[in-house]
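Enquirer: Provided below are the primary sequence and the corresponding predicted coordinates.
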Amino acid sequence: MALFPLIPVIDLSKPDAKHQIVKACEDFGFFKVINHGVPMDSIKKLESEAVKFFSLPLSEKEKAGPPYPVGFGYGNKRIGLNGDVGWVEYLLMTTKSNPEIGDNPEDFRCAMNQYVAAVKSMACDVLELMADGLRIQQKDVFSKLLMDEQSDSMFRVNHYPPYPELQGFKDRNLVGFGEHTDPQIISVLRSNNTSGLEISLRDGSWVSVPPDQTSFFINVGDSLQVMTNSKFKSVRHRVLANSYKSRVSMIYFGGPPMSERIAPLPSLMGVEQTSLYKEFTWYEYKATSHKSRLADNRLVPFEKIAAS
Ligand SMILES: C=C1C[C@]23C[C@@]1(O)CC[C@H]2[C@@]12CC[C@H](O)[C@@](C)(C(=O)O1)[C@H]2[C@@H]3C(=O)O
Ligand SMILES: O=C(O)CCC(=O)C(=O)O
Ligand SMILES: [Fe+2]
């Protein structure tokens, strides 16, 4: 298993961040950000609430309710509704949820709201740098979708317990979270110092991403792939279980409002170039995506077939 060859690291305080972001999105659909401005105490507070929650007995965790059909809840091993499973337990919420979670729901709620507000603001800064780097006049063309009152954004906390049976077997893997692309515009991931996240490169090889608990990792989602007419590609990723240590990750998925029409931005298409996708609403994408398996390419139904 190779390590990530040259993980793009973007220092958000540097003037050339916008160009580096565009390059990273074109090359990998994935990068790490430092000097992100998210207060470390808001990160630590939520992580410690999450660790407290996951250490409760199963019967207590199940009091959060199931994660589906919508809203928020606790899930264990099953991901989605179509048979995917992984060595993971998690909390899945909309960012508007008001969760009653754990022994001190008020502490969890407060930590989550503070964290999500800070990460959303950083995600919007990154999206504005992207728009600027792409020379789009309207700088908030992407970020306004996350800022919208109706934005359908999600928040997820994953816990991958250690799996000691893997010790000593170099070539054995256990899937924590199966390979997939994220559907939304942008995902902002932060984890503790346990490895497991892997990214698929364009040649199909998997590379391990060294964890860094002080930084954030950004994924391009399917919707941003469409809005950029495939200039940026959503990144295929997965998580493998670790034999020694628990991994805890927290991911903010910045999505558009349900009624938003998703289509390539005209300013990103040259005169000659045609749109690679049929226009769809986020609602339509979600309706087909709910029938999909994790590893499916959920953009296929929206691809335009090139005329021969
Ligand atoms: C199998 C599924 C789980 C998922 C919804 C889906 O039908 C296809 C996409 C999956 C995914 C991947 C990224 C996020 O973790 C997630 C919350 C999302 O928006 O899309 C999950 C969905 C899920 O766990 O429900
Ligand atoms: O837990 C992780 O590190 C990544 C999980 C993930 O890709 C997801 O929840 O969509
Ligand atoms: Fe993901």
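Expert: Yep, that arrived. Ligands and ions are numbered 1, 2, ... in the order given.

Enquirer: near ligand 2, which residues of the stretch 51-200 of the chain?
Expert: 156, 158, 177, 182, 189, 191, 197 (C-beta under 6 Å from any ligand atom). In this view, the C-beta of every residue, glycine as well, is placed from N, C-alpha and C.

Enquirer: Excluding residues flanking it in the chain, which one is nearest the residue of the stretch 151-300 of the chain found nearest ligand 2?
Expert: Nearest residue of the stretch 151-300 of the chain to ligand 2: Ser249, at 3.5 Å (C-beta to the nearest ligand atom). With C-beta to C-beta, 6 or more residues apart in numbering as the criterion, Ser249 has its nearest non-adjacent residue at 4.0 Å, and that residue is Ser191.

Enquirer: State the number of residues packed around that neighbour.
Expert: 24 (other C-beta atoms under 10 Å).

Enquirer: again, but for His19
Expert: His19 has 14 nearby residues by other C-beta under 10 Å.

Enquirer: immediately after the biggest helix by length in the chain, which helix or strand?
Expert: Ranked by number of residues, the top helix in the chain under DSSP state H is helix 105-133. Proceeding N to C from helix 105-133, the next assigned helix or strand is helix 143-147, under DSSP states H and E.

Enquirer: Following the chain onward from that following helix, which element is next?
Expert: Assigned by DSSP H and E, the successor of helix 143-147 is strand 154-160.

Enquirer: ok so, going back, would you mind confirming that the residue of the stretch 151-300 of the chain closest to ligand 2 is in contact with Ser195?
Expert: No. Counting by C-beta atoms under 8 Å, Ser195 is not a contact partner of Ser249; they are 11.3 Å apart.

Enquirer: neighbour count winner among these two?
Expert: In terms of neighbours (other C-beta under 10 Å), Ser249 is the more surrounded of Ser249 and Ser195; the figures are 25 against 17.

Enquirer: between the one helix or strand that one maps to and strand 154-160, how many degrees?
Expert: Using DSSP H and E, Ser249 falls within strand 247-254. Relative orientation of strand 247-254 versus strand 154-160 (axes from the mean of the first three to the mean of the last three C-alpha atoms, to 10 degrees): 170 degrees.

Enquirer: by contact count, what packs against strand 247-254?
Expert: helix 40-54, helix 105-133, strand 154-160, strand 186-191 (3 or more C-beta pairs under 8 Å, 6 or more residues apart in numbering; DSSP states H and E).

Enquirer: so what's the closest residue to ligand 1 within the stretch 1-150 of the chain scoring on pLDDT?
Expert: Closest approach between the stretch 1-150 of the chain and ligand 1, counting by C-beta to the nearest ligand atom: Gly80, at 2.5 Å. Gly80 is assigned 94 on the pLDDT scale.

Enquirer: How about the one 4 residues further on?
Expert: As summarised for this prediction, Asp84 has a pLDDT of 97.

Enquirer: next one: Ala307
Expert: 58.

Enquirer: who's in contact with Thr214?
Expert: 34, 40 (C-beta atoms under 8 Å, 6 or more residues apart in numbering).
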